[in-house]
Structure formats: structure tokens, C-alpha cells
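Participant: sequence first, predicted model second:
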Amino acid sequence: MALASPYWNPLLETMEPQRLRELQLKKFKQTLAWAYEHSAFHRSLYQQAGLAPQDVKSWDDVARVPKVDKALLKQAQAQAQEPFPYGSVLSLPLEEVAEFRQTSGTTGKPIYQADSWQDWEWWAECWCYILWSQGYRPSDRVFIPFGYNIFVAFWAGHYACEKIGCEVVPGGVLDTKARVLKVQELEATAMMGTPTYILNMARVARELGLDPAELTIERITCAGEPGASIPATKDRMQRAWGAKVFDHAGATEIGAWSFECREQPGALHVNQAMFLAEIEDLATGEIIEEPGRRGRLVITALDRQAQPCVRFDSQDIIEWDQGSCACGRTFRMIKGGVVGRADDITKVKGVLLSPAAIEEVVRGFAELSDDYEVVVQRVGDSEKITLKVELVPEATGSRESVEPALRDRLRLNTNLGYHLEFHPFGTLPRYEVKARRFKDLRDQH
Ligand SMILES: [Zn+2]
């Protein structure tokens, strides 16, 4: 890698789109054959569908390969745990597994994820594309304030920094106060975190009498929540830290598949050299090639071996972006990042509601604090959405002007009416790493 190059891998990142597609098809076939030959889970899935790897020759054939989802993986690991604990999804001898991770299990039992050493290097390589595109260079001192544990989170970001040659400061078991002071003491230039945590750190810095914008952080890489692609939340983080904030989307079962580059085009590049991303129409299952139509991400990790990810139904809702990026990468982009999840876009009063749309509105009011809560309830035959917000101390007297403006903007952006509650500053729940601000209580009595 040449220091002056804007690209981590110039050949792949600027490859002519048609050649890139050919490369993807070739790698997809290899990945499928690998899964078929080495994993009993995948073989049985494909045999049931009457499909052999050599049958897949064209993109139409790719679209016919059965999808895998979280439920199938959970079921496979619950039914047969040998080789323990991964079961029949494992595609390498257990001795070759170098890394254990698990999903957070917010929707039930977690999925155990095995990676070989080669996979782990692949993870770091994926993250190098992300970080390099965001301006991470060997001169950076990167502070990583996360609990190094069984969740993949920023682990591979750590190794990618080392691979690039940055100086890495692991902020593992420190509390938030100690982390802020470490950033100050070491004059760190970059850091990584969930949007919730990055905003938390800014708040704690202010409580310590520091202005986070005066500290030396120049760039922040976010993951784990959509906030860094929600303009109002991104803006809050950027102003708080006086830094550029970049989004990236990834998952334990998939890998780090997309990134926002230094141009901040309001979209994420899909790393098409390492992943095949398909967008599937929610209703018809048709593969969407054109920009502007939303669907669910079906994704294949190219070259991941120990636990292959082949046409994984991620539940992420995305759409292709129209244009090309000023950075010169030919990797296609998804507009506005991951705009929702198929499992959390819910119908309220017959209208489709995405929690991200509420976040964009609330965070757009400087008078409101970072914290808010949405509660959906059934009241008799109808449904009620309560939005709880807090005025920041500097705007204590502004409820009369904020309330109608907030109501209008919510109506405009989400087509729904809200019952608004103003709570005293500091009284709504604070979240440490990932926030759960959307509470759907309609199934509870
Ligand atoms: Zn770009």
C-alpha cells in the first residue's frame, strides 16, 4: 500500500464494474462449492433444493441458491452441536478454528461463530478497506473504547489498525471517564464506537469540564447502530467531537461488508471484492439491480471458510444509490446506509414506521437531549405512540416553541401523530453501548 494512495487495494477498488462482477461470480461459485463440500448443513440445504454447485453458472442461477437466515443457523446449532459448539455449519476441522465469537442474541439464543486464522486475517483485511478509505494512516494513534469480549464489535478494527501501521490503544476495561482522560492524555487522533457510546463519551467529557471538540480526535468510525448514517445524529457527533464521523455496517455472521469513505457521500460503499450483496424485493423476492427501490440485503462473504456465509438473509433494508462517488471507487453504494431492519420496521395505525425516521427528527432539534424513548401501545381499538423527550438545560424554557415544531416534523417525516411527553433533563434511560429506545408494548397486557 502506498501512503499517498487513497485506496487500500487500488486494483480492486477501482476495477471496471463488469470485471468486478465477473470476479464476484467466480468467487461465489468457489464459496458455494466450499460450503457444499465441507459443511453438512449447507450440503443438506442444497440437496433438498436439488442443487449442486456445478449447476450454478449464471446470475439467474445464483438467485436460485437457497438462502440461509438466523433461524436456520440457530436450529442447526441446536439440533446437532458436534463438533461442539458449532455443529454442522462448521466447514473446517475443529483444530483449525482460531477465534470464537457469538451474536448478541437480542432475539433469543445466540449463534456461535467460528473463524480460522485465515478468516481472521480476512476480517482484518475487510476492515483495512474501511479504515484506509476514512483516512486512517500509520501516523494515527487510535483509541478503541470497547469491552473486548465474545462479541466481534471492533476486534477486527483493532487488528486492521495494526495491519495499516497505526498505533493502537486498547481501551478495554476502563470506565468512560478513564477512557476520555486517556484520549486527552495520549492525544489520540481516532476512535471507534457505537453512536450511542460516542455521544455518551462526549457527555462524560463535558461533565469532566472538557470540551470534546477541543480534544485531538479527528475521525471516528461507528458501527453497531445506524446512527452515523442518520444525518441529524451524525451531525451531533461531528459537532461534539469536532471530528469527521463515518459509518460502517457489518455483522458477526457476515463480516465487515460496507463503509463510508472520506467523501461522506451520504451512502456506504459495498466492498464488492470481498462480498456479494444482492437486494431482494420484500414482496416478490426479485433481485433489484436498479437504484431507488428498497429491499432486503442477501449477502455472501466471498472467501470466508470456517463458517461460510452464503446468501445470508440479513434482514437489513437497503437500496442502491444512484450516482458514483468522488473518491473514484467503483464499488456500488447503498443510499443512506442500512435504513432499517425487516424485523423492526413495524406497522402502527396501518402506517409503516421505521425507528430511524423518529431518530432523524428528534436529533434534528438542538433543544432536545440525545436521549428519547418511543412507546407504542394499544388503547382500546386504536394505537398510541408516545414520544418522550428531554429539553437540554440551555433550552429549558423553550417547550412552547419546540412542541408544535416537533409534532409537525414528526407528522411530515413519518405520517403519524404522536403523544409528546417532556421529561426533566437526565431522567430518561441512558444507554451505555447500544440503545433500545423503541418499545412496542402492543402484545403486552
Ligand atoms: Zn467514496
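Facilitator: Alright, I've got the coordinates.

Participant: so which residues of the stretch 301-445 of the chain form strands?
Facilitator: 312-318, 333-335, 340-341, 346-348, 351-353, 368-379, 382-391, 419-423, 438-440 (DSSP state E, counting those that start in this stretch).

Participant: isn't Val433 right up against Cys222?
Facilitator: No - assessed by Cβ atoms under 8 Å, Val433 is found out of contact with Cys222, at 11.8 Å. C-beta: built from backbone N, CA, C; applies to glycine.

Participant: what sits in contact with each of these two?
Facilitator: Among the neighbours of Val433, those also in contact with Cys222 (Cβ atoms under 8 Å, 6 or more residues apart in numbering) are 193-194.

Participant: out of these two, which sits in the busier spot?
Facilitator: More neighbours surround Cys222 than the other of Val433 and Cys222, with 27 against 16 (other Cβ atoms under 10 Å).

Participant: tally of neighbours for the spatially closest residue to that one that is not a sequence neighbour?
Facilitator: The spatial neighbour of Cys222 that comes closest, neighbours along the chain excluded (Cβ to Cβ, 6 or more residues apart in numbering), is Ala228 at 3.7 Å. Neighbours of Ala228 under the rule other Cβ under 10 Å: 28.

Participant: all helices of the stretch 201-350 of the chain, in order?
Facilitator: 231-241 (DSSP state H, counting those that start in this stretch).

Participant: enumerate the residues of it near the ion.
Facilitator: 261, 263, 325, 327, 329 (Cβ under 5 Å from the ion).

Participant: what ranges do the strands span in the stretch 1-150 of the chain?
Facilitator: So, for the stretch 1-150 of the chain - with DSSP E, counting those that start in this stretch - the strands run 97-102, 112-116, 141-144.

Participant: for the longest one, list the C-alpha coordinates in PDB.
Facilitator: Output in PDB follows, covering the C-alpha atoms of strand 97-102 (Å, rounded to 0.1, in the frame of the first residue of the first chain):
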ATOM      1  CA  VAL A  97     -10.700 -22.800  14.500                       C
ATOM      2  CA  ALA A  98      -8.700 -19.900  15.900                       C
ATOM      3  CA  GLU A  99     -11.500 -17.500  17.000                       C
ATOM      4  CA  PHE A 100     -14.800 -17.900  18.800                       C
ATOM      5  CA  ARG A 101     -17.400 -15.100  18.600                       C
ATOM      6  CA  GLN A 102     -21.200 -15.100  19.100                       C
END
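
Participant: tell me which residue of the stretch 151-300 of the chain lies closest to the ion.
Facilitator: Residue nearest to the ion within the stretch 151-300 of the chain (Cβ to the ion): Cys261, separated by 3.3 Å.

Participant: please tell me I have it right and that residue contacts Gln134.
Facilitator: Yes - the criterion here is Cβ under 8 Å, and Cys261 meets it with Gln134 at 6.8 Å.

Participant: separation between Val89 and the ion?
Facilitator: Taking Cβ to the ion, to the nearest Å as the measure, Val89 falls 34 Å from the ion.

Participant: give the contact list for that residue.
Facilitator: Contacts of Val89 by Cβ under 8 Å, 6+ apart are 39, 41-42, 73, 76-77, 307.

Participant: what about Cys261 and Gln134, which has more around it?
Facilitator: Cys261 (26 against 21).

Participant: which of the residues of the stretch 201-350 of the chain next to the ion count as buried?
Facilitator: Buried by 16 or more other Cβ atoms under 10 Å: 261, 325, 327, 329, out of these.

Participant: if I pick Asn271, what's in contact with it?
Facilitator: 126, 129-130, 256-259, 331.

Participant: need those in CSV (columns: pLDDT).
Facilitator: Converted to CSV, the contacts of Asn271 look like this (pLDDT from 0 to 100):
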residue, pLDDT
Cys126, 98
Tyr129, 98
Ile130, 98
Ala256, 98
Trp257, 98
Ser258, 98
Phe259, 97
Phe331, 98
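
Participant: could you dump the residues you listed to JSON lines with neighbour count and distance to Lys349?
Facilitator: Below are the contacts of Asn271 laid out as JSON lines (neighbours: other Cβ atoms under 10 Å; distance: Cβ to Cβ, whole Å):
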{"residue": "Cys126", "neighbour count": "28", "distance to Lys349": "41"}
{"residue": "Tyr129", "neighbour count": "26", "distance to Lys349": "42"}
{"residue": "Ile130", "neighbour count": "30", "distance to Lys349": "39"}
{"residue": "Ala256", "neighbour count": "28", "distance to Lys349": "37"}
{"residue": "Trp257", "neighbour count": "28", "distance to Lys349": "35"}
{"residue": "Ser258", "neighbour count": "30", "distance to Lys349": "33"}
{"residue": "Phe259", "neighbour count": "27", "distance to Lys349": "37"}
{"residue": "Phe331", "neighbour count": "26", "distance to Lys349": "39"}
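
Participant: and the residue most central in space within the chain, how close does it get to Val270?
Facilitator: By Cα atoms, centre = their mean, the chain has its centre lying nearest to Ala249, at 3.0 Å. Using Cβ to Cβ, to the nearest Å, one gets 9 Å for the distance from Ala249 to Val270.

Participant: can you pull the residues that touch both of these two?
Facilitator: Residues touching both Ala249 and Val270 (Cβ under 8 Å, 6+ apart): 257-258.

Participant: on that earlier part again, isn't the residue nearest to the centre of the chain up against Thr221?
Facilitator: No - the criterion here is Cβ under 8 Å, and Ala249 misses it with Thr221 at 11.5 Å.
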